[in-house]
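Asks: dropping the sequence and predicted coords here.
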Amino acid sequence: MMELAPLRPWDDFFPGTDRFAKPEFSDLTKWNNRVVSNLMYYQTNYFAVVVVVFLIVGFLNPLGMFFGGAVVALVFAGSVWAGENKAIIKNFKKKNPTLFVLAVMVTSYFVLYLFGGVLVFIFGITFPLLLILIHASLRLRNMKNRLENKMEGVGMKKTPMGFIMDLLDQQEERMNKIQDFIESKVKQ
């Protein structure tokens with residue numbers, strides 16, 4: 001059964017400039033770990049941001065928003081299917097999850113462009129994803145974030161973000177890290 005992670009306090013979500021820093025672009029693994037950890041920890045806050053932006057854009061253009069969401073869902077489902085059934089795509093998705101998501105977004109953009117729904121897509125779907133990526137990249141992890149992510153890592157599939165991370169092949173990597181962490185503590 002899927003359950004939502006707790007809504008983190010907004011003063012933790014936006015604590016001030018001292019808890020934000022530019023990611024190390026030269027170390028993609030470290031940057032990816034920061035993004036994944038923040039996505040897992042703040043997943044309900046991110047969901048709230050998406051819902052608010054989605055409702056605003058949906059109120060302004062309901063038909064365009066519905067069509068844009070349907071196209072992105074179909075492209076995402078197709079990419080997940082291809083990622084599971086085509087070895088090259090599966091390897092690419094596992095090694096470059098951020099590029100994979102960007103490829104899905106760009107593909108969705110071109111499909112919507114053919115139908116004239118570019119603005120709805122940009123503001124209704126891409127804008128909240130861009131906000132989430134920026135926040136998850138810049139927000140430094142605190143001790144509570146790290147601790148809770150380690151504890152939640154064992155039951156990742158129980159939350160919506162855990163399900164998405166599993167689709168992006170991020171769960172196996174996190175489980176191996178947790179196992180390595182536990183083994184290192186047992187050996188000491």
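Replies: Alright, I've got the coordinates. Numbering: from 1, shown residues only.
Asks: which residue ranges of this protein form helices?
Replies: Assignment of helices within the chain using DSSP state H yields the ranges 10-13, 28-41, 43-60, 62-85, 87-95, 97-115, 118-120, 127-138, 143-153, 160-167, 171-187.
Asks: what's the closest non-adjacent residue to residue 7?
Replies: residue 44 (4.6 Å; Cβ to Cβ, 6 or more residues apart in numbering). Glycine gets a C-beta too; all of them are placed from N, C-alpha and C.
Asks: quick one: neighbours of that neighbour, just the number.
Replies: 17 (other Cβ atoms under 10 Å).
Asks: residue contacts, it?
Replies: 4-8 (Cβ atoms under 8 Å, 6 or more residues apart in numbering).
Asks: out of these, which is nearest to residue 29?
Replies: residue 5 (24.0 Å; Cβ to Cβ).
Asks: check the closest one and give its pLDDT.
Replies: Note for residue 5: predicted pLDDT of 79.
Asks: what's the distance between residue 33 and residue 45?
Replies: Distance from residue 33 to residue 45, counting by Cβ to Cβ, to the nearest Å: 19 Å.
Asks: more neighbours, those two?
Replies: residue 45 (21 against 17).
Asks: export stretch 80-89 to CSV, keeping only CA atoms.
Replies: Provided in CSV are the C-alpha atoms of stretch 80-89 (Å, rounded to 0.1, in the frame of the first residue of the first chain):
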residue,chain,number,x,y,z
VAL,A,80,9.5,3.4,-19.0
TRP,A,81,8.4,0.5,-21.1
ALA,A,82,11.3,1.0,-23.5
GLY,A,83,13.6,1.3,-20.6
GLU,A,84,12.5,-2.1,-19.2
ASN,A,85,12.4,-3.9,-22.6
LYS,A,86,15.5,-2.4,-24.4
ALA,A,87,18.9,-3.0,-22.8
ILE,A,88,20.5,0.2,-24.3
ILE,A,89,17.8,2.4,-22.9
